[in-house]
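*Asks:* Below are the sequence and a predicted model for it; my questions follow.
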Amino acid sequence: MIKYLENTVQITPELMGLVYDRLSYKFSKNFVKGDNLGMFASHFITNNQPSVERREEESFPLNQEEDRLKMVDLFHTILAQFDMKEPSWIYRLCVNANYYRDVDVEIHTDFNPNMKNCYSMITYLTHNPECPTIVWDEDGKEHRFPAAQGNSLLISNLKHSFVLPQGGIRTVFVGTFGYD
């Protein structure tokens, strides 16, 4: 299953202030085992448990519970636009920020290929249409979806990849989830 919807979220100064000013990010060099992708991520749910990587800096707290809950609520709001019910479990809910690196993004699935009823949702927070998400359907046919700000892509457990920006950053809100 592949669905791409336009305007699933309104990108407001408040949302982007939350994403860039109030969230705490961790750097990871490897996205898929063995790659050198490099990205910054801020997690809200990991392995169906709240992620509470909270840090206090002098007078400005980051990753407050209320901010985490705003992002969880946004996830459910976007899912409803795809006519998807609340998931039984959420493997990962996070914001990822990618930047230019001279590497290819590995083709991957977000779950074991034999798992059923698993999905990945990607909502584009920045406007990077030159950095499409590439998805291969069940028949192996390639589909490209522009990383257009405010749009969302929902896929079942399919192979996919994406193009890194040549400048600036590509910021996405990602949820991987499933149903029992």
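*Replies:* Good, I have the coordinates.
*Asks:* remind me, longest helix of the chain?
*Replies:* Across the chain, the longest stretch assigned as helix under DSSP state H is helix 65-81.
*Asks:* who are the neighbours in contact with Tyr25?
*Replies:* Taking CB atoms under 8 Å, 6 or more residues apart in numbering as the definition of contact, the neighbours of Tyr25 are 40-42, 95, 97. In this view, the C-beta of every residue, glycine as well, is placed from N, C-alpha and C.
*Asks:* doesn't Ala147 make contact with Ile134?
*Replies:* No: with contact defined as CB atoms under 8 Å, Ile134 and Ala147 do not form a contacting pair (10.9 Å).
*Asks:* For those two, list the residues in contact with both.
*Replies:* Listed as contacting both Ile134 and Ala147 by CB under 8 Å, 6+ apart are Phe162.
*Asks:* Tell me which of those two has more neighbours.
*Replies:* Counted by other CB atoms under 10 Å, Ile134 and Ala147 do not tie: Ala147 has more neighbours, with 25 against 15.
*Asks:* measure the more buried one to Gly168 for me?
*Replies:* Ala147 is 11 Å from Gly168, where distance means CB to CB, to the nearest Å.
*Asks:* Identify the contacts common to those two.
*Replies:* Counting by CB under 8 Å, 6+ apart, the residues touching both Ala147 and Gly168 are 126, 128.
*Asks:* what about the strands in the chain?
*Replies:* Along the chain, the segments classed as strands by DSSP state E run 2-5, 26-28, 39-46, 49-50, 55-57, 60-62, 89-99, 118-124, 128-136, 142-147, 152-156, 160-162, 169-178.
*Asks:* Mind listing the strands the fourth one pairs with, and their directions?
*Replies:* In the sheet, strand 49-50 lines up against strand 39-46 (antiparallel) (DSSP bridges).
*Asks:* What of the first one?
*Replies:* As defined by DSSP bridges, the strand partners of strand 2-5 come to strand 152-156 (antiparallel).
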